[in-house]
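Trainee: give the three-dimensional model of this entry:
(2 chains)
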Amino acid sequence: MLEIKNLRVSVGDKEILKGLDLTINNGEVHAIMGPNGAGKSTLSYAISGKDGYEITEGTITYNGKNLLDMDPNERAGEGLFLGFQYPVEIPGVSNMNFLRSAMNSQRRYRGEEDISAVDFLKLIRSCAKDLNMDPEMLKRSVNVGFSGGEKKRNEMLQMAVLNPSLAVLDETDSGLDIDALRIVADGINRLRGADKSILMITHYQRLLDYVVPDFVHVLANGRIVKTGDKSLAVELEEKGYVGLGVAENAA
Amino acid sequence: MTLKLYLDNPEIGSGFDAVKASLPGADQADLNQLRGDAMTQFLDCGIPGPKVEEWKYTSLNFLAKENYAPALRNDDQDEIKSLFQRAYMENIAGPVVVFINGYINRELSSYPDEKGLSFTVLSENTEAFRAALETKEGASALNNLNRALATDGYHIDISAGTHLKQPLQIIHIATSATDMRSLRTRTNIMAGANCKAEIIETFIGAEGERYWGHMISDVKLDEDADVTIYQFQLQGKQAIHMMELHASVSDRATFTHTSLQLGAEISRTELINSFTGEYAQINLRGAYLGRVKQSHDIFTRINHDMPNCQSDQLYRGVLDEGGKSAFQGKVVVARDAQKTNADQSNKNLLLSRKAEANSKPELLIYADDVKCSHGATVGELDADQLFYLRSRGMDEVAAKGLLVAAFVSEVFDNIADETLRTSFREKTGDWLSHEVTA
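Mentor: Here you go, the predicted model:
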C-alpha cells in the first residue's frame, strides 16, 4: 500500500505540491489527471527520489516503509518502478546489459541470488515478444535512436522484466499512436494483479479506455481537488478542467 | 638570464658509476661503451623541466634530485605469484613472458615457439642487447637514460608472411623490493612484410612502493604488416610509469596501439609514429582513468610524411576527485603527403569538480589535399542518465560505473578478440568500485 500524506514539494524556491494526500491499496489502479503545471511529474519524481525535488513536509510510505529515507535505487528494490515521460538515452549501454544490471541490483538489494544468464535471456525474450518488440532492439543502446513510441514500449519492457509491485507511470501514453497505445495498455494490464499498485499519470482520458482505473483523481495547484471513478475522466474530457471548476494554473 | 629547460641530475651520474659494473652485460666492453655514451648524452641534457613544451602537464621536478638506481632481482614467490595472477589472462591462449623488476623470469615464462617468429630476451643474447643499446639519432634525454641503465627487454623478429596464431602476452611485474628504484627495459619489434601479430603487454606492481617503470619500444612494420599492441597499465598506486614507443610504418601496413591506464601515480605514454610508405594506417586508441593524486599524460605524434596514409586517434579520459590528465596529440602532414586522412578525438569525463583534464590537439598541415579532423571535449556525467539508472535499481557506484564504461567503450569496440575486449571493458567498469586498480 502506498500512502502519501500532506506532501509538500518544492523545486528551487517554488512550491509545486501543496499538501497532497493519496492512498493506493494493493490491487488498485489509480489515475491522476490534471492541467499543465499542476505538479503531476513532480509527484512522480518525489515518489521515486529524484535530486532537486525537496520534500518540505509530509510523508510517503510504501508497505509501511518510509520511502523518503531511501535512495532511488533502494526504492526500486522495494518494488517501485517509474515509467518516464521522457525516457533517457544512454549511448554505449545495451538494453540487455542495462536490464540485467538493474535486475541483479534489485535482487541483491532483496538478498536474492543473481539471475542466471540463461534465465534472464528467456525472460527478456518472452517479455519482448509480449510487447511485439524486435529482439534486435535488446542489443541496441538504451533508447538511442528509438522513436517516441519505441521508447515508451521500452519502458513497458523494463516494467515487465522488473515486475514491480508499485508502478508510477508518468504520461506513458503521451506521443503514442493508437497501435502503440494499445501495446502499452496491454503491458499495464498484464502487470495488474492483487499484489500490485499502479498509478497512471495522464493528460488524456484516452489511455483510460484501455486500462480502466479504480479511481480517478484530479490534481490542480499542487493538491488533489477531486476524486471519483472512471466517469470523472469522461466528465473531464467533456467539460475540461475549467468546466469542472478547476482553474488552469497561471503561467 | 637564460631559461633552463632541462634539470641537471648529478645523482643519476654518480649512481650510474656505482652500478655500471653490475649491470647485465657488464663483462662486454662494447656494451659498457654504449651505456657510458648514453649516460653522457643524458647528463649533457638532463631531466625535462616544466618549461619543456612536451612536458608542460607532467612535472618531473621531483626526479631531479633522486637517483632511482636499477631495481634488484627479487624472488619473493608469494608476492610474484599474486601479482602475476592479477595480470595474466589465462583465457587467452598463447605464450607468456614475464619480467620481474626489470629482469626476465624463466620459471613463469613460456617463450613463444612458432615458425616464422624469433623471440629473444636481451639479457640472454649479447647481439640483441647491443642492438637495443645502440645510439639513436635524436633520442630523447629519457631514452638515453633508459639506454644507459636498461637491465633487460626483448627483441621480436617476425618473418615475412607469418601470421602468428596466438597473441603474445608480456607481463612486467614490480615487487615491493623496488622502492625508490627503477625498472628500465627495451623492446624491439621487427615485423616482416605481410605478417600479422598481436602483443598484449601488462604492467603491474606493488601498491605501496614508489618505483619508476620505464620502457622504450621500437616497432618497425614492413610492407603490408599488421601489428597490434595492447597495453594494460595497472602499476602500483605510487609508481611512476613511462612508456615511450616509436613506430615506423611502411606501405599498406597497419599499426594499432590500444592502451588502458588505470594505475601509477604519474603515467606518461609517448607514442611517436611515422609513415615510411603509402596507403598505410596507424590507429592509436586509449582510455585513462585517474583519481586522487594520479596523473596520466598521453603524448602522441603522427608524422604524415608520405601521401595516401590514414591515422585515427581515439582517446577517452575519466577523472575522479584529485585526478589529472593531459592528452597532447600532434599530427604533422608534410607538404607532399597529399590524400592524408587524419582523425583525432579526445573526450574527457570529470566525475568531480576537483578533477582536471587537459587536451591539446595540434595539427600542422602543409599539404592542401587532405582530410583532417580533431575534437576535444571535457564534460560531466549526465544527471538524468544517472537518475534513470538509479530508478531501475542500480546504486550510485554501479550506475556511474556503467556510464563510465559506456563512455570509454568506443575505445575498445574494434578489438576482435572478445575475451580481450571484455577484459578491457571490465577493468574499466570495475575501476569505480575498486580502490585497488586491477
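Trainee: close to chain A: what parts of chain B are there?
Mentor: The interface of chain B toward chain A, taken as Cβ under 8 Å from any Cβ of the partner chain, is made up of B:382-385, B:387-396, B:398-399, B:402-403, B:405-407, B:409-410. Glycine gets a C-beta too; all of them are placed from N, C-alpha and C.
Trainee: report the buried members of these.
Mentor: B:385, B:387-395, B:398-399, B:402-403, B:405-407, B:409-410 (16 or more other Cβ atoms under 10 Å in any protein chain shown).
Trainee: quick one: mean pLDDT for stretch B:34-50?
Mentor: Over the span of stretch B:34-50, the pLDDT mean works out to 93.
Trainee: point to the helix or strand of chain A where mean pLDDT is at its lowest.
Mentor: Each helix and strand of chain A was given a mean pLDDT (mean pLDDT, DSSP states H and E); the minimum falls on helix A:230-243 at a mean of 88.
Trainee: residue contacts, the closest residue to residue A:59 other than its chain neighbours?
Mentor: Taking Cβ to Cβ, 6 or more residues apart in numbering or on different chains, and ignoring the residues beside it in sequence, residue A:59 has residue A:5 as its nearest neighbour in space, at 4.9 Å. By Cβ atoms under 8 Å, 6 or more residues apart in numbering or on different chains, the contact list for residue A:5 reads A:21, A:58, A:59, A:60.
Trainee: before we move on, what about residue B:71?
Mentor: For residue B:71, the residues meeting the contact criterion (Cβ under 8 Å, 6+ apart) are B:101, B:102, B:151, B:174, B:177, B:178, B:181, B:182, B:183, B:211.
Trainee: ok, and the closest non-adjacent residue to residue A:169?
Mentor: Of all residues beyond its chain neighbours, the one nearest residue A:169 is residue A:83 (3.8 Å), with distances taken as Cβ to Cβ, 6+ apart.
Trainee: what does residue A:159 give?
Mentor: Residue nearest to residue A:159 in three dimensions, not counting chain neighbours: residue A:81, with 5.4 Å by Cβ to Cβ, 6+ apart.
Trainee: now the host helix or strand of the one you found: average pLDDT?
Mentor: Mapping residue A:81 onto the secondary structure by DSSP states H and E places it in strand A:80-83. Confidence over strand A:80-83, taken as the mean pLDDT, stands at 97.
Trainee: pairing partners for that strand, with directions?
Mentor: Strand A:80-83 has these partner strands in its sheet, going by DSSP bridges: strand A:166-170 (parallel).
Trainee: contacts for the following helix or strand past the strand it pairs with, please.
Mentor: Tracing the chain C-terminally past strand A:166-170 and defining elements by DSSP H and E, one meets helix A:178-191 next. Under the contact criterion Cβ under 8 Å, 6+ apart, helix A:178-191 has outside partners A:29, A:130-132, A:149, A:152-153, A:156, A:159-160, A:163-164, A:167, A:169, A:172-173, A:176, A:198, A:200, A:206-207, A:210-211.
Trainee: between strand A:166-170 and helix A:178-191, find me the angle.
Mentor: Computed with axes from the mean of the first three to the mean of the last three Cα atoms, to 10 degrees, the direction of helix A:178-191 lies at 160 degrees from that of strand A:166-170.
Trainee: now helix A:178-191: mean pLDDT?
Mentor: Rounded mean pLDDT across helix A:178-191 is 91.
Trainee: how about stretch A:67-77?
Mentor: The predicted confidence, averaged over stretch A:67-77, sits at 97.
Trainee: now do the buried residues in it.
Mentor: For stretch A:67-77, a neighbour-count test (16+ other Cβ under 10 Å) marks A:67, A:70, A:72, A:73, A:74, A:75, A:76, A:77 as buried.
Trainee: that one near chain B at all?
Mentor: Yes - applying Cβ under 8 Å from any Cβ, one finds stretch A:67-77 touching chain B at A:71, A:72, A:73, A:75, A:76, A:77.
Trainee: any figure for the gap between the residue in the stretch 1-150 of chain B that chain A sits nearest to and residue B:169?
Mentor: Closest residue of the stretch 1-150 of chain B to chain A, Cβ to the nearest Cβ: residue B:91 (16.8 Å). Computed as Cβ to Cβ, to the nearest Å, the residue B:91 to residue B:169 distance reads 11 Å.
Trainee: the more surrounded of these two?
Mentor: Using other Cβ atoms under 10 Å in any protein chain shown as the criterion, residue B:91 and residue B:169 rank with residue B:169 on top: 25 against 11.
Trainee: on that earlier part again, quick one: strands adjacent to the host helix or strand of the residue nearest to residue A:59?
Mentor: With the criterion set as DSSP H and E, the secondary-structure element containing residue A:5 is strand A:2-11. The strands beside strand A:2-11 in its sheet (DSSP bridges) come out as strand A:14-24 (antiparallel), strand A:54-62 (antiparallel).
Trainee: indicate which one of those is closest to residue B:417.
Mentor: Go through those one by one with Cβ to Cβ and the one that ends up closest to residue B:417 is strand A:54-62, at 46.8 Å.
Trainee: redo the residues of stretch A:67-77 next to chain B as a markdown table? Include secondary structure.
Mentor: Formatted as a markdown table, the entries for the residues of stretch A:67-77 next to chain B read as follows, by DSSP: H, G, I helix; E, B strand; the rest coil:
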| residue | secondary structure |
| --- | --- |
| A:71 | coil |
| A:72 | helix |
| A:73 | helix |
| A:75 | helix |
| A:76 | helix |
| A:77 | helix |
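Trainee: so which of those residues is the closest to residue B:309?
Mentor: For the residues of stretch A:67-77 next to chain B, the closest approach to residue B:309 (Cβ to Cβ) belongs to residue A:73, at 49.1 Å.
Trainee: quick check: which ranges of chain B have low pLDDT?
Mentor: Residues of chain B that meet the criterion pLDDT under 70 lie in B:1-4, B:434-438.
Trainee: how is it partitioned into domains?
Mentor: Per the record's domain assignment (automatic domain parsing), chain B is made up of the domains B:70-380, B:381-438.
Trainee: so what's the residue in the stretch 51-200 of chain A that chain B sits nearest to up against?
Mentor: Nearest residue of the stretch 51-200 of chain A to chain B (Cβ to the nearest Cβ) works out as residue A:92 at 3.0 Å. Taking Cβ under 8 Å, 6+ apart as the definition of contact, the neighbours of residue A:92 are A:141, B:405, B:406, B:407, B:409, B:410.
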